[in-house]
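>>> Sequence plus predicted model, see below.
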Amino acid sequence: MEHPDISPSSINLNEFYKEHHHNGSIPHHSNDHDPEKGVLGRRDHPGWLHHFQSRALQFADVHERTIKRAAAAVFAVLYLGYFVTAVVLDFHRALALVVITAFVFCLLTYNLIKTYFGVTIEEKFLKPLGESSVVNLTLRW
């Protein structure tokens, strides 16, 4: 089975730009016939930055969830390192950090429990108590 040729010389970037540009035309600064102006997609062409930017934004849109998760994981690892270092160096100075971290951890845990088990908790535990129950009013999800 032959693979298609995807070398830079085989890709017609002007056709790609025509297909993906909002009005279907090549921008006024693109000129294929003038060798001094360059070819779209090359760094010496004025439109190369726009082409690169549109491809980067397309990549970010496609992989948005993965990028967010990777950024959150990096942030969590960095914060954990900061937290452990602060506690090891001087626990009494880091006590406020420990309290704030514990509070945020409780909020995140509550949010996860509510998201994944909230309907089950409400149906199995809170509804049987009745609508007028004081417990039901204070534990409303």
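Ah, there it is.

>>> in the protein, which spans are helices?
13-20, 48-62, 64-89, 95-121, 134-138 (DSSP state H).

>>> winner for burial among those?
Ranked by mean neighbour count, the helices of the chain are led by helix 13-20 with a mean of 14 (mean count of other Cβ atoms under 10 Å). Where you see a C-beta, it was placed from the backbone N, CA and C, and this is true even at glycine.

>>> and the helices of the chain as CSV, adding distance to residue 128 and mean pLDDT?
Formatted as CSV, these follow (distance: least, Cβ to Cβ, whole Å; pLDDT from 0 to 100):
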stretch, distance to residue 128, mean pLDDT
helix 13-20, 57, 61
helix 48-62, 46, 89
helix 64-89, 37, 97
helix 95-121, 11, 94
helix 134-138, 9, 59
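
>>> right, and the ones you listed - which one's nearest residue 127?
Residue 127 lies closest, by Cβ to Cβ, to one member of the helices of the chain: helix 134-138, at 8.0 Å.

>>> Could you chop this protein up by domain?
Annotated domains of the chain cover 13-62, 94-141 [automatic domain parsing].

>>> picking up where we left off before, adding distance to residue 127, write the helices of the chain out as a markdown table.
As requested, the helices of the chain are arranged in a markdown table below (distance: least, Cβ to Cβ, whole Å):
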| stretch | distance to residue 127 |
| --- | --- |
| helix 13-20 | 53 |
| helix 48-62 | 41 |
| helix 64-89 | 34 |
| helix 95-121 | 10 |
| helix 134-138 | 8 |
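
>>> Quick check: end-to-end length of stretch 56-68?
Using Cα to Cα, to the nearest Å, the end-to-end distance of stretch 56-68 comes out at 15 Å.

>>> ok, residue 107 to residue 88 distance?
Distance check for residue 107 against residue 88: by Cβ to Cβ, to the nearest Å, it reads 25 Å.
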